[in-house]
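K.L.:
I would like the atomic coordinates for the input below:
(one chain, ligands or ions: 1)
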Amino acid sequence: MIEQINQTANYLRTRVADMPRIAIILGTGLGGLRNHIENQEIIPYTEIPNFPVSTVEGHSGNLIFGTLGGKRVIAMQGRFHYYEGYDMKQVTFPVRVFKALGVETLFVSNAAGGMNKEFQVGSIMTITDHINLFPENPLRGKNYNELGPRFPAMTEAYSHRLIKLADEIAESKDINLMHGVYVGTPGPTFETPAEYEYFRIIGGDAVGMSTVPEVIVANHASMEVYGISVITDLGGKDITEVPSHEEVQLAAQKAEPKMVELIEGMIEKL
Ligand code: HPA
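P.N.:
Next up is the predicted model:
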């Protein structure tokens, strides 16, 4: 694994001169951020050694290097989901590579179903913590001490400093930013009403099918993490609307300008 990470990092160093310290995983809802990145150098995943290739509709696969909010960034356009059949090591491989390249701060975004009764479709939520319900932890197996500790703490998986910064930016831009706990599930089914209810009762505010693996690995690698969800549908025992992929995409698109403004504002202040 170490050899693969180094091989990929070395390849990217031959393609890009000025390596960023900030990486962004553009999930559903943040794809439009890429239009704000200046001086783009686009590297398709297909050209990157050892990189998996994204398959899902609405997720194209490129690494985009450039400048955002005055800072150098790497953006992942398209991520690898567990439900696509990738194993946890593949899902989190790009985060390992980012660390090898010197990245210190990771921004992640996703679309999620809302269980919190104060949420509406289109709400945006700072992820303050998560509950890992994936059937496997990405750190299962041999631990490489040079990558991180065997038993990493997850006490501050989402940086309190960045959560505070997000609140400040949101307030200054009049953006209504919620806080909540993200429940990560393998998917690809959306939840039954009883499952949404269950996730709410155990402390979740939103549920989705990504993010948790990457955040675990980023913490293992002692990166600072900020996560954000756009609430694209609501779930619970009294809610009968049926979520669909199209509806999720549409709701995410609507919330996108707010998310973009927030993330760009945060990066400016980093
Ligand atoms: N459940 C799981 N994943 C999701 C949802 C949901 O309701 N909405 C968007 N991603």
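K.L.:
what bridges to the residue of the chain found nearest the ligand?
P.N.:
Going by Cβ to the nearest ligand atom, the ligand is nearest to Gly113 of the chain, at 2.1 Å. The way it works is simple: take the backbone N, C-alpha and C, and place the C-beta from them, glycine included. Counting by DSSP bridges, Gly113 forms beta bridges with Val207, Asp233.
K.L.:
Show me the contact partners of stretch 25-37.
P.N.:
24, 40, 58-59, 64, 66-68, 73, 75-79, 94, 106-111, 210-211, 214, 228-230, 232, 248-249, 252-253, 255-257, 259-260, 263-264 (Cβ atoms under 8 Å, 6 or more residues apart in numbering).
K.L.:
Out of the residues you listed, which end up buried?
P.N.:
24, 59, 64, 66-68, 73, 75-79, 94, 106-111, 210-211, 214, 228-230, 232, 248-249, 252-253, 255-256, 259-260, 263-264 (16 or more other Cβ atoms under 10 Å).
K.L.:
Pro213: which element?
P.N.:
If you go by DSSP states H and E, Pro213 is part of helix 212-220.
K.L.:
for that helix, packing partners?
P.N.:
Here helix 212-220 touches helix 88-101, strand 105-114, strand 124-132, strand 177-184, strand 224-234, going by 3 or more Cβ pairs under 8 Å, 6 or more residues apart in numbering; DSSP states H and E.
K.L.:
Run the chain-centre distance for that helix.
P.N.:
From the chain centre to the centre of helix 212-220 is a distance of 10 Å (Cα atoms, centre = their mean, to the nearest Å).
K.L.:
cool, and stretch 250-268?
P.N.:
Worked out by Cα atoms, centre = their mean, stretch 250-268 lies 13 Å from the chain centre.
K.L.:
can it be found next to the ligand?
P.N.:
No. Counting by Cβ under 6 Å from any ligand atom, the ligand has no neighbours in stretch 250-268; the shortest distance is 8.3 Å.
K.L.:
centroid residue for this protein?
P.N.:
Residue closest to the average C-alpha location in the chain (Cα atoms, centre = their mean): Val108, at 2.7 Å.
K.L.:
which SS class is Tyr198?
P.N.:
helix (DSSP: H, G, I helix; E, B strand; the rest coil).
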